[in-house]
Each structure stands twice: as structure tokens, then as C-alpha cells.
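K.L.:
Sharing a model that was predicted from the sequence below.
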Amino acid sequence: MAVTSEEHTASDSMPVIGKLVVVGLGLIGGSLAMGLRQRHACREAIGVVRRPDAGRKAIELGVVDRVVDDLSAVAPELGEGDVIFIAVPTLAVESVLAAIRDQVSPAVTITDGASVKGSVRSAAESVYGQSPAQLVLGHPIAGSERSGVTASNPDLYENHRVILTPLPETGAVHLERVRALWQAVGAEVLDMSVEEHDQVLGATSHLPHAIAYSLVDTLAEDIGNPNIFRYAAGGFRDFTRIASSDPVMWHDIMKANRGAVLDSLDLFIDNLTRLRAAIDREDSEYLLGVFTRAKAARDHFTNILAKRAFIPAMTTGKIDYLLQPGGAVTGTIRVPGDKSISHRSIMLGSLADGVTEVEGFLEGEDALATLQAFRDMGVVIEGPSEGRVKIHGVGLHGLKAPKKPLYIGNSGTTIRLMSGILAGQAFDSEISGDESLAKRPMDRVANPLREMGAVVDTAEGGRPPLKIKGGQALNGIDYELPMASAQVKSCVLLAGLYAQGTTRVTEPAPTRDHTERMLTGFGYEVKKDGAVAELTGGGHLTATKIEVPADISSATFFMVAASIAPGSDLTLTHVGINPTRVGVINILKAMGADLTLSNERTVGGEPVADIRVRYAPLKGIHIPEDQVPLAIDEFPALFIAAACAEGETVLTGAEELRVKESDRIQAMADGLTTFGIAAKPTPDGIVIQGGTMGGGEVETHHDHRIAMSFAIAALRATQPIRVKDATNVATSFPTFVELAKQTGISLEVIDH
Ligand SMILES: O=C(O)C1=C[C@@H](OP(=O)(O)O)[C@@H](O)[C@H](O)C1
Ligand SMILES: C=C(OP(=O)(O)O)C(=O)O
């Protein structure tokens, strides 16, 4: 049989391969053939189909150009550049390979789509002696419960992943040809070892299929009610869709990946048995633990696949901001919760006895990273949902060893504060983060912790990851902070909770005191005397309620925006005005800004107020050094205020800015220079001459505050501004874009 399609498409683009021969024209094989044909990416697509009706259908639907009923009918015409795609059930691959060996030239590329790779490698070895160079093992992750040639879909692989598992024997030309073929139909191609593939797919694909088939079979066969499916609703439908998949294919997969599937099934059965016992004893804590952890994991499973552990990404790709020049900001807004306080609420709530309820929690990536790290150490945390979080504290000694290294993304506060807590645990731990965090100094916490008796390893140059050995007896110390850092102060105090005796820290200048305040709120005595804070180990924390004020560091972007843009009148509500955080208000006022505070009150031990900001002409100042630690995160935005002020602004004593998420002095100087502003970096600060800002493209170096600062600059720019890579704004201010637009900033998000 040789039937030819009527529908021949003239090729105007270069095909990436010659002929494609698909053995097995089901969903997987048919979709590849159809996708390549429609994109003119192969010169001809030929199906090897035994059943004539299926062959006719394939041609009618435009899946292939022609069909043959046996490989032998096409083998002699194949050569270099042509590809055979084996898309038959897993256990049938061996007989196809045997036919290929006898008939097909070694120049032809062979690949497959089977869901198990170890069994295909064994098949190749038993047929060829050793896997031939022309064979590239692959697996498109795009299956569905639909099967057969009629399910072929030319766009099936768009944005799907294809895993290739090259062997040492695999020829580079063949591998790259197969990669190009999948990329031509829109797939993202990843390489993995055979073993890793089978283990990962055993858990994420083969196990769920086994469970779905078993569940439906249980309902159909074992629960003796004939009407059972009539009352089955969404839960049943969503969970069991995959039990409609092709039984022969799944039979083969279970046998071919027997070992890995059994490992996963054993883990699952064990977990299910524990869940059963918890339901039996009505153990709410256990049930909520499983369900909240599972919900978080399910909500973010794309990130888990991308190996970002459980850290949720607010955006999937990189984004830029495009801003139009001019405008003013008006209205009344509340910015999200304070990042520093949100981190600490999770940490102390987890270590407390009892349930802590938090309101106003910042649902940004940094604070969520802290939350996930404590979940990874066995703490049951409900939420966050609209800023509400409920933490089922485990007590100071109730954390459990995490199953894998803790990954905390971009958050310096998390790694530094947690290292103090981890130093006091009975278990070993490792904590790491993203590219920007990997450059930040950690010796500042490792050194005092070592003095207390902790065993802490850093990577080269005192950078993350940190490896902390458990089971060490800590002693209290009297520590003089070498730099004004609330993170270091907090780290030492938190380790002090686990230390024998008294831990005392003396700071060279006042820094944010949220740790001290919150410890007091949890009933732990902290003595404060000027620059000294001290506590004694061995006490306990009692759960409490926490209301997180709006973050003054996030409010800063809007305070500066309103101050620089004529016609602005903006009110920011419920902003935290802890005296150790108000440097920005003091500095802006000294520059001539029109800021009024009203409705001042205290919530949960932290002072808050509404802040009204109206446009006023600013003047350059020499920023008093005592304000530096009180405004440490606000300088990028303040530099924009300086650029719009009349005269010169000088900052000194701020070398810490060079070791934040980026070197904030250099990053801002570069951007301001692009805008046409004279900005001269110094080792510990900057000198900025106010002037007229043009516009242009600026880099953020993965730093959220740099991105938001350049965005507000547009209000006084004369040309559009493109802020390149504003993705990390989600770490501290996930609603920035929404609020910027709402108040009148012309901001467009460009996703790429
Ligand atoms: O303790 C905290 O929550 C923070 C302290 C500051 O860091 P340093 O302690 O390094 O100054 C600050 O920059 C950071 O955003 C948050
Ligand atoms: C420095 C900052 O945060 P962290 O140190 O937690 O990364 C910041 O938010 O500006």
C-alpha cells in the first residue's frame, strides 16, 4: 500500500530535516508529523501504519504526506538528514529497532517518544550490542488521555518540554538534529540522564497514572453502588481524567519502569497510610499540614519543575518596564506589608508555642521564601490568603530537618536571620539562594555565630550557600557589630535564644529594631539600653497576633514620586513609622519635601501613620550620616529625588549600599548618567548634581529597588525610560505596577 496525500504545501522556509518517518501514528507520532509538515520543517512526512483505514485517515487529516504499511517500503530511500521517529508503546520499541537494524543505513537519525528511557536503552543494547550513534532517546512531555491518529494536533508541542537522554554513544550530529526537530514544533528541549528521567517521570507521571487507574477501578468495582458515577462531580473528573489513557501504553510503562514506579508507590502508600491514621484520630494539625504544603506545592509546580524549589515566581519570564515621560501621582493607596516584619512574623511564629495569626503579611517572593523554608522544616502554615497567615508554632526545639537544602531566592534577610536560628538546631542544614544572593557577604553572620560555638561553612569568599552543622552547644557572646546591620544584630539575637547564658549586641548606630520589638511581643524578655540589646537563652516564645504595617520602604517610591512630580497629591495609609526606619522622611523633609503625617497610632508594637505628600521643589543637601542606617533601603529612590533637586546632594558613610541585591551606588550612578545627570560614585556614597533628566534604557542588575527607582524617574524625564529586567520587583512589592498605574504613572509591562 502506498497512498499519496493531495495536500502538498510549497516550502518557502528551510526544512530542518529531510524525510520524517513515523512508526506508530497516534497522538504523539501524528502530532509531530503534522507539526513539522505545517511548519515546512521536513521535506516529507511518511507514516508507517498497518491498518489501511488509519492510513487513509492520516492522509485525509493532513497528518502525513503518504503512508506505507511496513518500514521495508521506505527504508531503502532513507539517508543522511532523514529521521525515523518511533512512537509505539514502550515494550514494542525493541521489535521496531530490530527491523531498523536490518534495513536502515547508519546515516539515518533514529529517535523515539517512549515514556521510559532505561527500557529503550536496554532494547537498543540487546538489538545492536551497544546503542548506535544514530539513536537519540527522547521523551516529549505532551501526552494526554487522547489517543489515536485523529487526536493529532500540529501545535501539541508548542511550549511543551521534550527531554532528551543522550548516551555516551550518541552521535552529536544526530542529537542536534533531533533537538532542532523538536524546537521546530515549538518545544523546549532539555537534556537529562536516563536514570534521572526515569526516576522523575516515575514520580510525576507514572505514579499518578497508577493511582488514577486504581482509584477509578476502586469506585467502579469495589464500592457496590451502581449509581456511583452519577454523583461524581468535579473532584472525580479532575483527578481521574488520565484513567482514560491508552491501557496498553500504560501497561508497558509500568512494566518498563517497574523499579522507579515501585519506589514512588511505596512512598505514596506510606504517606496515604499516615493520612488515614490522621483522619482516624481526627488530627487537624496533621491534616492541615499535608493540605497546606500540598496546596503550596501544587500552586507553584511550574517552579518546582524549573528547579526553583517551592519559591513561587510572580512572573514566568523576564519583564521590562516601559515608561512614558511626565505626569503626576494622586489619590490614596496602601502599599503592601512590611518585608522585615513579615519575615520575622514567620520566624518567631514558627518558634513559638501556639498558633500565631498574622494580618497584612507581604505576599512577595522574599517573605514567601521564608514561609516556605519553615514549611520545609515541618511547620504547618496556613495561607497566605489576602495577607492572612496562621502559623502553628512548633516551639523553639520543634523544627524538623528539611529534606533538601533550603532555597531562599533573592532574600538577604532570610539567609542572615535564619542562619542564627539554624545554628541552634539539632540537625544539619544548608541554605542557598539566587545569582544575586550568591554574591553577598555572609561572613558577617558566620563569624559571630562561630564565636558562639556554631559550625558554619560558607562558599569561597564567605558567600552562600551556608552549611550549618547541627547539634552544637552555643554560648552567649558580647558582640560589637562591625557595621550597622539589623540583619547581623538579629542573627546573633536569634542564635542567643539557643545559647547558654546572655547574648549581648552593641551596634555602632541605631538600626531597625523589629526583632527586639517582636520578641517582646512574643513574651521573650529583651533588655535594651542605648546601643545595646541583650537576651538570655533558654526561654520560650508564646504565640500572639501580628498586624503588619504597610512597608515604608515600598511607600518611599511613591513619596519620592509625589515630591518630584508637579501637581502631585498622594496619601499613603497605614505606613510603618518605626523611629529606626524614618530616615527617608527626615531626608526628604530636609530637601524641602511637603510631607504631613496624620492618624498616628500603634499597632502590635509598631507605630503607623498616614502620610500625605504634595509636590514641592526640592533642594540638594549633604545627607547626615546618622540617617544612613535609618534609610538604608531608600537610597536608590532618594537618588532620584536628588537628581530632580536644585543643586548638589552628597551622600557619605553608605558603603553598605555596595553589598545589597546589587551595588546600588554603581547601579544608580550608571542609570542616572544614562539619563544625563551628573552622578559621581565615591567609595562610600555618591555626589549628584540636580538637573534635567532625559531618558533611555537602564539596567537593574536583578535589583527590585533599582527597578522601581528608575520607574518613578519617568515622572520628571523628558524621554521614555526602559527599565530592563524588573522581574525582581515581585520580591518586595508585588503590586507595584498596579499601584503605579492607579496613581497616574504611565507604565507598560513588556513580557519576554
Ligand atoms: O533586618 C532587616 O529586615 C533588613 C535589614 C537591612 O539590611 P542590613 O542589616 O544588611 O543593613 C535592610 O537593608 C534589609 O532590606 C532588611
Ligand atoms: C536589601 C534588601 O533586602 P535583603 O537584604 O533582604 O535582600 C532590600 O530589600 O532592599
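P.N.:
Arrived safely, thanks for sending. Ligands and ions are numbered 1, 2, ... in the order given.
K.L.:
Residue 357 is in contact with residue 387, correct?
P.N.:
No: with contact defined as Cβ atoms under 8 Å, residue 387 does not count as touching residue 357 (11.2 Å). In this view, the C-beta of every residue, glycine as well, is placed from N, C-alpha and C.
K.L.:
Just give me the neighbour total for residue 129.
P.N.:
9 (other Cβ atoms under 10 Å).
K.L.:
what about stretch 29-47, start to end distance?
P.N.:
Distance between the two ends of stretch 29-47: 9 Å, counting by Cα to Cα, to the nearest Å.
K.L.:
And it, what's buried?
P.N.:
Residues of stretch 29-47 classed as buried under the neighbour-count rule (16 or more other Cβ atoms under 10 Å) are 29-37, 39-47.
K.L.:
what stretches of the protein score poorly on pLDDT?
P.N.:
1-13, 224, 300-317 (pLDDT under 70).
K.L.:
quick one, domains of it?
P.N.:
2-192, 200-274, 319-333+551-751, 342-547 (automatic domain parsing).
K.L.:
wait, residue 212 sits on residue 244?
P.N.:
No: using Cβ under 8 Å, residue 212 makes no contact with residue 244, being 9.0 Å away.
K.L.:
So between the two, which is more surrounded?
P.N.:
Higher neighbour count among residue 212 and residue 244: residue 212, with 19 against 14, using other Cβ under 10 Å.
K.L.:
and the gap between the more buried one and ligand 2?
P.N.:
42 Å (Cβ to the nearest ligand atom, to the nearest Å).
K.L.:
give the contact list for that residue.
P.N.:
Applying Cβ atoms under 8 Å, 6 or more residues apart in numbering to residue 212 gives the contacts 239-243.
K.L.:
got it, and residue 131?
P.N.:
Applying Cβ under 8 Å, 6+ apart, the residues contacting residue 131 are 121, 124-125, 167, 169-170.
K.L.:
Which residues belonging to stretch 636-649 are considered buried?
P.N.:
636-645, 649.
K.L.:
Now distance to ligand 1 and secondary structure too, for those residues, in JSON lines please.
P.N.:
Formatted as JSON lines, the buried residues of stretch 636-649 follow (distance: Cβ to the nearest ligand atom, whole Å; DSSP: H, G, I helix; E, B strand; the rest coil):
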{"residue": "636", "distance to ligand 1": "11", "secondary structure": "helix"}
{"residue": "637", "distance to ligand 1": "13", "secondary structure": "helix"}
{"residue": "638", "distance to ligand 1": "14", "secondary structure": "helix"}
{"residue": "639", "distance to ligand 1": "16", "secondary structure": "helix"}
{"residue": "640", "distance to ligand 1": "18", "secondary structure": "helix"}
{"residue": "641", "distance to ligand 1": "19", "secondary structure": "helix"}
{"residue": "642", "distance to ligand 1": "19", "secondary structure": "helix"}
{"residue": "643", "distance to ligand 1": "22", "secondary structure": "helix"}
{"residue": "644", "distance to ligand 1": "24", "secondary structure": "helix"}
{"residue": "645", "distance to ligand 1": "24", "secondary structure": "coil"}
{"residue": "649", "distance to ligand 1": "20", "secondary structure": "strand"}
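K.L.:
which pair in the residues you listed spans the largest distance?
P.N.:
636 and 645 (15.3 Å; Cβ to Cβ).
K.L.:
what about the residue in the chain positioned nearest to ligand 2, how many neighbours?
P.N.:
Closest approach between the chain and ligand 2, counting by Cβ to the nearest ligand atom: residue 412, at 2.6 Å. Residue 412 has 21 neighbouring residues, counting by other Cβ under 10 Å.
K.L.:
so it touches residue 660, yeah?
P.N.:
Yes: between residue 412 and residue 660 there is a contact at 7.4 Å, judged by Cβ under 8 Å.
K.L.:
what residues do these two have in common as contacts?
P.N.:
Going by Cβ under 8 Å, 6+ apart, residues that sit against residue 412 and also against residue 660 are residue 440.
K.L.:
Give me every residue in this structure lying close to ligand 2.
P.N.:
Proximity of the chain to ligand 2 (Cβ under 6 Å from any ligand atom) is limited to residues 366, 410-413, 633, 660-661, 705, 732.
K.L.:
of all the residues in this structure, which ones are close to ligand 1?
P.N.:
Proximity of the chain to ligand 1, by Cβ under 6 Å from any ligand atom, involves residues 340, 413, 485-487, 490, 512, 632-633, 656.
K.L.:
and of these, the nearest to residue 373?
P.N.:
Using Cβ to Cβ, the residues of the chain next to ligand 1 come closest to residue 373 at residue 413, 11.8 Å.
K.L.:
I figured that closest one hits residue 343, correct?
P.N.:
Yes: counting by Cβ under 8 Å, residue 343 is a contact partner of residue 413 at 5.1 Å.
K.L.:
Residue 253: what secondary structure?
P.N.:
Here residue 253 is recorded as helix under DSSP: H, G, I helix; E, B strand; the rest coil.
K.L.:
I figured it hits residue 115, correct?
P.N.:
Yes: using Cβ under 8 Å, residue 253 is in contact with residue 115, at 5.0 Å.
K.L.:
what packs against the lengthiest helix in the chain?
P.N.:
In the chain, taking DSSP state H as the definition, the longest helix is helix 258-280. Judged by 3 or more Cβ pairs under 8 Å, 6 or more residues apart in numbering; DSSP states H and E, helix 258-280 is in contact with helix 194-201, helix 207-217, helix 284-299.
K.L.:
Let me know the angle separating that helix from helix 194-201.
P.N.:
30 degrees (axes from the mean of the first three to the mean of the last three Cα atoms, to 10 degrees).
K.L.:
Pull the distance from stretch 432-441 to the chain's centre.
P.N.:
15 Å (Cα atoms, centre = their mean, to the nearest Å).
K.L.:
which residues touch that stretch?
P.N.:
Contacts of stretch 432-441 (Cβ under 8 Å, 6+ apart): 405-412, 414-415, 459, 461-466, 659-662, 701-703, 728.
K.L.:
please redo it, this time with the cut-off set to 10 Å
P.N.:
If you take Cβ atoms under 10 Å, 6 or more residues apart in numbering as the criterion, stretch 432-441 is touched by 308-309, 311, 365-366, 369, 405-412, 414-416, 431, 458-459, 461-467, 483, 659-663, 701-704, 728, 731.
K.L.:
Going through those, which ones are buried?
P.N.:
309, 311, 365-366, 369, 406-412, 414-416, 431, 458, 463-467, 483, 659-663, 701-704, 728, 731.
K.L.:
Now for residue 387 and residue 357: what residues contact both?
P.N.:
In contact with both residue 387 and residue 357: residue 547, using Cβ under 10 Å, 6+ apart.
K.L.:
Where do the strands of the stretch 601-750 of the chain begin and end?
P.N.:
606-614, 648-651, 678-682, 685-689, 696-699, 721-724, 747-751 (DSSP state E, counting those that start in this stretch).
K.L.:
Mind checking which of the contacts of stretch 432-441 land in strands?
P.N.:
406-407, 431, 458-459, 463-467 (DSSP state E).
K.L.:
got a list of what the residue of the stretch 1-150 of the chain found nearest ligand 1 touches?
P.N.:
Going by Cβ to the nearest ligand atom, ligand 1 is nearest to residue 141 of the stretch 1-150 of the chain, at 39.1 Å. Taking Cβ under 10 Å, 6+ apart, we find residue 141 in contact with 115, 157, 160-163, 187-188, 190, 201, 204-205, 305.
K.L.:
Over to residue 287?
P.N.:
Applying Cβ under 10 Å, 6+ apart, the residues near residue 287 are 275, 278-279, 380.
K.L.:
mind redoing it with 7 Å?
P.N.:
If a contact means Cβ atoms under 7 Å, 6 or more residues apart in numbering, then residue 287 has residue 278 as its contacts.
K.L.:
Using CSV, write out the CA atom coordinates for stretch 447-462.
P.N.:
Output of stretch 447-462 as CSV, limited to C-alpha atoms (Å, rounded to 0.1, in the frame of the first residue of the first chain):
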residue,chain,number,x,y,z
ASN,A,447,31.9,35.0,62.2
PRO,A,448,29.8,35.9,65.3
LEU,A,449,28.0,32.5,65.0
ARG,A,450,31.3,30.7,65.1
GLU,A,451,32.3,32.8,68.2
MET,A,452,29.2,31.4,69.8
GLY,A,453,30.3,27.8,69.0
ALA,A,454,28.4,27.2,65.8
VAL,A,455,29.9,25.3,62.9
VAL,A,456,29.2,27.3,59.8
ASP,A,457,30.7,26.8,56.3
THR,A,458,30.5,29.3,53.5
ALA,A,459,31.4,29.1,49.9
GLU,A,460,34.5,30.9,48.7
GLY,A,461,34.9,34.5,49.8
GLY,A,462,32.3,34.0,52.6
